[in-house]
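Asks: Provide a 3D model corresponding to the input given below.
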Amino acid sequence: MTMQNEKVQDIGFFQKYLSVWVLLCMAIGVLIGKYLPGLPAFLNKFEYAKVSIPVAILIWIMIYPMMMKVDFQSIKNVGKNPKGLYVTWIANWLIKPFTMYAIASFFLFVVFRDLIPPDLAKQYLAGAILLGAAPCTAMVFVWSLLTKGNPAYTVVQVATNDLIILVAFVPIVKFLLGVSNVFVPWDTLILSVILFVVVPLAGGILTRQLVSRRSGMAYFEKQFLPKFDHATIAGLLLTLILLFSFQGEIILKNPLHILLIAIPLIIQTFLIFFISYLPCRWLQLPHEIAAPAGMIAASNFFELSVAVAIALFGTTSPAALATTVGVLTEVPTMLILVRIANRTKHWFPQPQSDLNEGSASKLI
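Replies: Sure, this is the predicted structure:
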């Protein structure tokens, strides 16, 4: 691969420095909450069924573009190499939510019990549960690209996880929040999934079909989709400003809590990555499948988590704060895992095409 091609596959400027933008937006939001409290108070008036309308609109802006990228036609290829999908499904739905619950509970209620009051810890745990129950569907395409993952297989992994979210997210969240003694009404939780998964998913599928039929798939992928390249990041950053303007007072009272919430989230991210990545090595799967499998498990669908936390507990709730800390830790942690995945590529069987290239190089 030439250096020019490597530059083409490099991470985008906004995505590369996402943690910096997130920090700036957090600071702007807190300052608005401190010095312009009338603005978040005014926006907070617009809600329906406990769902903030301004936040919902911004979250749709985040989610809709990535839903257009998911090609559900690729699911028909699942049967050709299902082991990587089995690893992804087991890690995401049978392990990840429960390790998140266990790790977050241990730190919030045991390690940090002298620093965080029990009622506040319960709310932070609820936010962590929402993060753990929603595997990533957007940024994972970036992580897959940086680890030279198989694009078509990554699409199938993401598409099947999106379908599983529709049926598994609500019961898992309901069960774990019930275990932690946090009451959540079924109707509010189901409404959140409909608003933030079903509606943008249906919109994305409909747009993909209409545009590709009218103008062709090449136009859709090379000209139409790039128009939305910065929409997800812009929606995310505006959401953070809004969210942290609601959270300003809580953050200024408890700045240490941002660090305390981040610690179990980071540990969980590393743990669940290796829980997915190492079985792929044992199964002798190619690196182009193993790396995305680990990345999907490690990263979270934080847009959904933030949206559901706001819908269930409110814009100024500690649970919503915990989910936004997940946004803050996501990018730097995932970039470290990308480096680990790329440096351990030799653990996995080398594709025949690479072997042929290596042999040709030796002959030259």
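Asks: quick one: the strands in the protein?
Replies: For the chain, the strands defined by DSSP state E cover 47-48, 51-52.
Asks: who touches the first one?
Replies: Contacts of strand 47-48 with the rest of the structure, by Cβ atoms under 8 Å, 6 or more residues apart in numbering, involve I53. Every residue, glycine included, has its C-beta placed from N, CA and C.
Asks: what separates it from the chain centre, distance-wise?
Replies: 25 Å (Cα atoms, centre = their mean, to the nearest Å).
Asks: measure L243 to A319 for me?
Replies: Going from L243 to A319 by Cβ to Cβ, to the nearest Å gives 12 Å.
Asks: apologies, that question was intended for I267.
Replies: With distances taken as Cβ to Cβ, I267 is found 20 Å from A319.
Asks: between those two, who's got more neighbours?
Replies: A319 (25 against 17; other Cβ atoms under 10 Å).
Asks: follow-up on the earlier one: what's the most buried one of the strands of the chain?
Replies: strand 51-52 (a mean of 22; mean count of other Cβ atoms under 10 Å).
Asks: which stretches of the stretch 251-364 of the chain form helices?
Replies: In the stretch 251-364 of the chain, the helices defined using DSSP state H, counting those that start in this stretch lie at 255-282, 287-298, 302-313, 318-343, 352-363.
Asks: using CSV, lay out the ones you listed together with mean pLDDT and distance to L130.
Replies: As requested, the helices of the stretch 251-364 of the chain are exported to CSV (pLDDT from 0 to 100; distance: least, Cβ to Cβ, whole Å):
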stretch, mean pLDDT, distance to L130
helix 255-282, 92, 12
helix 287-298, 88, 16
helix 302-313, 78, 4
helix 318-343, 85, 6
helix 352-363, 46, 40
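Asks: nearest to T88, out of these?
Replies: With Cβ to Cβ as the criterion, T88 lies closest to helix 287-298 of the helices of the stretch 251-364 of the chain, at 5.0 Å.
Asks: elements contacting that closest one?
Replies: Using 3 or more Cβ pairs under 8 Å, 6 or more residues apart in numbering; DSSP states H and E as the contact test, the elements touching helix 287-298 are helix 83-89, helix 140-146, helix 151-179, helix 255-282, helix 318-343.
Asks: please repeat the previous calculation with a cut-off of 10 Å.
Replies: In terms of contacts (3 or more Cβ pairs under 10 Å, 6 or more residues apart in numbering; DSSP states H and E), helix 287-298 is packed against helix 83-89, helix 96-106, helix 140-146, helix 151-179, helix 255-282, helix 318-343.
Asks: the inter-axis angle of that helix versus helix 318-343?
Replies: 160 degrees (axes from the mean of the first three to the mean of the last three Cα atoms, to 10 degrees).
Asks: okay, now the unreliable bits of the stretch 1-150 of the chain?
Replies: Of all residues in the stretch 1-150 of the chain, those with pLDDT under 70 make up the ranges 1-16, 18-19, 49-51, 72-80, 137-139, 141.
Asks: do a quick rundown of the helices in it.
Replies: Going by DSSP H, counting those that start in this stretch, the stretch 1-150 of the chain shows helices at 3-8, 13-16, 18-35, 38-43, 53-69, 83-89, 96-106, 118-132, 140-146.
Asks: among the ones you listed, which comes closest to F224?
Replies: The nearest among the helices of the stretch 1-150 of the chain, by Cβ to Cβ, is helix 53-69 at 8.3 Å.
Asks: of all the residues in the closest one, which ones are buried?
Replies: In terms of neighbour count (16 or more other Cβ atoms under 10 Å), helix 53-69 has its buried residues at 54-56, 58-69.
Asks: again, but for stretch 338-355
Replies: 338, 341, 345, 348.
Asks: list the contacts of A290.
Replies: Contact analysis of A290 by Cβ atoms under 10 Å, 6 or more residues apart in numbering lists 84, 87, 147, 149-150, 276-281, 283-284, 341, 344-345, 347-349.
Asks: with I190 instead?
Replies: With Cβ under 10 Å, 6+ apart, I190 has these contacts: 169-170, 174, 198.
Asks: which of those residues sit farthest apart?
Replies: So, the contacts of I190 by Cβ to Cβ: farthest apart are K174 and V198, at 17.2 Å.
Asks: the two: which is more packed in?
Replies: Using other Cβ under 10 Å, the more surrounded residue of K174 and V198 is K174, with 17 against 13.
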